[in-house]
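[1] Next input, structure requested:
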Amino acid sequence: MDRKAWVMRAVEALRFATFKEIQRYLDEEGEAFSKKELEDTLTSLVAEGRLEEKEGTYRLARKKGGEEAFEKLFGD
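    Numbers count the residues shown, from 1 in each chain. Purely as a prediction, here's the structure:
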């Protein structure tokens with residue numbers, strides 16, 4: 001798995017997680033990330049819309065539902 005997949009897996013398992021909780025989860029799974037690597041990966045996932053961050057807590061982004069699927073199929 002790549003870095004993004006590991007971070008997504010950690011957030012899925014933890015539901016709501018701070019940076020330190022994600023870092024601890026990854027360490028326990030044997031995937032040690034440097035602080036910079038983890039910060040960059042979290043920033044990237046938030047920018048892509050796959051994660052949401054509020055006051056230092058990360059969670060999976062809410063699904064957009066049928067509207068997003070419709071746009072993918074029949075977009076302009």
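
[2] Quick check: which ranges of the protein have low pLDDT?
    64-69, 76 (pLDDT under 70).

[3] make it 80
    Across the chain, the ranges flagged by pLDDT under 80 are 63-76.

[4] mind listing the strands for it?
    All strands of the chain, identified by DSSP state E, fall at 17-18, 51-54, 57-60.

[5] list the buried ones in the last one?
    Just to be clear, that refers to strand 57-60. By 16 or more other C-beta atoms under 10 Å, the buried positions in strand 57-60 come out as Tyr58. C-beta: built from backbone N, CA, C; applies to glycine.

[6] Give me the contacts around it.
    Under the criterion C-beta atoms under 8 Å, 6 or more residues apart in numbering, residues 8, 11-12, 15-19, 22, 42, 46, 50-52 lie in contact with strand 57-60.

[7] That strand pairs with which strands, and in what direction?
    strand 17-18 (antiparallel), strand 51-54 (antiparallel) (DSSP bridges).

[8] Nearest approach to Glu31 belongs to which of the strands of the chain?
    strand 17-18 (14.8 Å; C-beta to C-beta).

[9] Return the distance of that closest one from the chain's centre.
    11 Å (C-alpha atoms, centre = their mean, to the nearest Å).

[10] I'd like to know which elements the helix ranked longest in the chain is packed against.
    Counting residues, the longest helix in the chain under DSSP state H turns out to be helix 35-48. Applying 3 or more C-beta pairs under 8 Å, 6 or more residues apart in numbering; DSSP states H and E, one finds that helix 35-48 contacts helix 3-14, helix 19-28, strand 51-54.
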